[in-house]
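[1] Fold the following.
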Amino acid sequence: FRTYLEQLGHADISIAPLEDTVFNDAKSNIKYLEASILGLPSVCSPRATFRQVVRNGLNGFLADTEQEWVSALLELVD
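    Predicted structure coming up:
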């Protein structure tokens, strides 16, 4: 886990793309939490657990459509 966090720490942006399925709505938001520990901004699909913690534009970005993903990533890159 330590090695994983060290590698993640080299990233500039964390992403958590998940298709809209019942299975994915049951997944945890651990990828967002791990990125938050390291101070990385995240772009996540708006699945159930991500919607509970991510406030779009405030503490991360929620993106479902291709345009939402592009907009969020470009904002973070700029």
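[2] Give me the longest helix you can find in this protein.
    helix 66-77 (DSSP state H).
[3] so what secondary structure elements neighbour that one?
    strand 42-44, strand 61-62 (3 or more CB pairs under 8 Å, 6 or more residues apart in numbering; DSSP states H and E). Where you see a C-beta, it was placed from the backbone N, CA and C, and this is true even at glycine.
[4] Let's have the ones you listed in a markdown table, adding distance to Gln7, mean pLDDT and mean neighbour count.
    As requested, these are arranged in a markdown table below (distance: least, CB to CB, whole Å; pLDDT from 0 to 100; neighbours: other CB atoms under 10 Å):
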| stretch | distance to Gln7 | mean pLDDT | mean neighbour count |
| --- | --- | --- | --- |
| strand 42-44 | 16 | 97 | 25 |
| strand 61-62 | 22 | 98 | 21 |
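[5] Just send those strands back as JSON lines, with distance to Ser28 too.
    Shown next, in JSON lines, are the helices and strands packed on helix 66-77 (distance: least, CB to CB, whole Å):
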{"stretch": "strand 42-44", "distance to Ser28": "12"}
{"stretch": "strand 61-62", "distance to Ser28": "16"}
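[6] And the longest helix of the chain, what's buried?
    68-69, 72-73, 76 (16 or more other CB atoms under 10 Å).
[7] Contacts made by that helix with the rest, please.
    Here helix 66-77 makes contact (CB atoms under 8 Å, 6 or more residues apart in numbering) with 12-13, 15, 17, 41, 43, 61-63.
[8] and what of stretch 51-60?
    Contacts for stretch 51-60 (CB under 8 Å, 6+ apart): 29, 32-33, 36, 41-44, 46, 61-62.
[9] average pLDDT for it?
    Stretch 51-60 comes out with an average pLDDT of 95.
[10] Please apply the same query to stretch 64-74.
    On average, stretch 64-74 scores 98.
[11] same thing with stretch 7-19?
    pLDDT averaged over stretch 7-19 gives 96.
[12] Pull the distance from that stretch to the chain's centre.
    Computed by CA atoms, centre = their mean, to the nearest Å, the chain-centroid distance of stretch 7-19 equals 7 Å.
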